[in-house]
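*Asks:* Got a predicted model here, sequence first, then my questions.
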Amino acid sequence: MQCLALKLSTSCCALLLQAHYRQIRQWQVLYAVQAFGDKWWALERRKDRQRQAFDTAIEMATDLDYQSALEDARDLLDQAMSHEVRFLGSPV
């Protein structure tokens with residue numbers, strides 16, 4: 001008898017924890033979209049600051065080898081940014 005009661009209690013708990021019983025509220029979706037947008041804009045600001053830092057360093061560089069190394073690094077950064085945009089599905 002105890003085994004039957006245990007099976008009934010575990011099956012009831014399993015039914016209560018299934019995903020289709022959980023209702024998603026609109027505010028949860030809106031907050032998730034807002035959080036994604038905040039992270040996106042933080043990433044965009046960070047990429048802009050990196051780009052500006054590279055441009056400033058290239059302008060201030062006196063050695064041609066150092067300047068070309070910075071330009072190569074900036075080009076790699078641009079390439080990484082373009083891959084990110086393609087990965088997210090936006091047109092390049």
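*Replies:* Looks like it arrived, so ask away. Here the structure is a predicted model, which is why all the values come from computation and not from measurement. Numbers count the residues shown, from 1 in each chain.

*Asks:* worst-scoring helix or strand of the protein, pLDDT-wise?
*Replies:* helix 2-16 (a mean of 51; mean pLDDT, DSSP states H and E).

*Asks:* Run through who's touching stretch 39-59.
*Replies:* Residues outside stretch 39-59 that contact it (C-beta atoms under 8 Å, 6 or more residues apart in numbering): 67, 70, 71, 73, 74, 77, 78, 81. In this view, the C-beta of every residue, glycine as well, is placed from N, C-alpha and C.

*Asks:* Can you pull out the low-pLDDT segments for the protein?
*Replies:* Applying pLDDT under 70 to the chain flags residues 1-22, 24, 83-92.

*Asks:* so where do the helices sit in it?
*Replies:* Secondary structure of the chain (DSSP state H): helices at 2-16, 26-60, 64-87.

*Asks:* What distance do you get for the closest residue in space to residue 81 that isn't next to it in sequence to residue 26?
*Replies:* Using C-beta to C-beta, 6 or more residues apart in numbering and skipping residues adjacent in sequence, the residue nearest residue 81 is residue 47, 6.0 Å away. Separation of residue 47 from residue 26 (C-beta to C-beta, to the nearest Å): 32 Å.

*Asks:* So between those two, which is more surrounded?
*Replies:* A count of neighbours by other C-beta atoms under 10 Å puts residue 47 above the other of residue 47 and residue 26, at 15 against 7.
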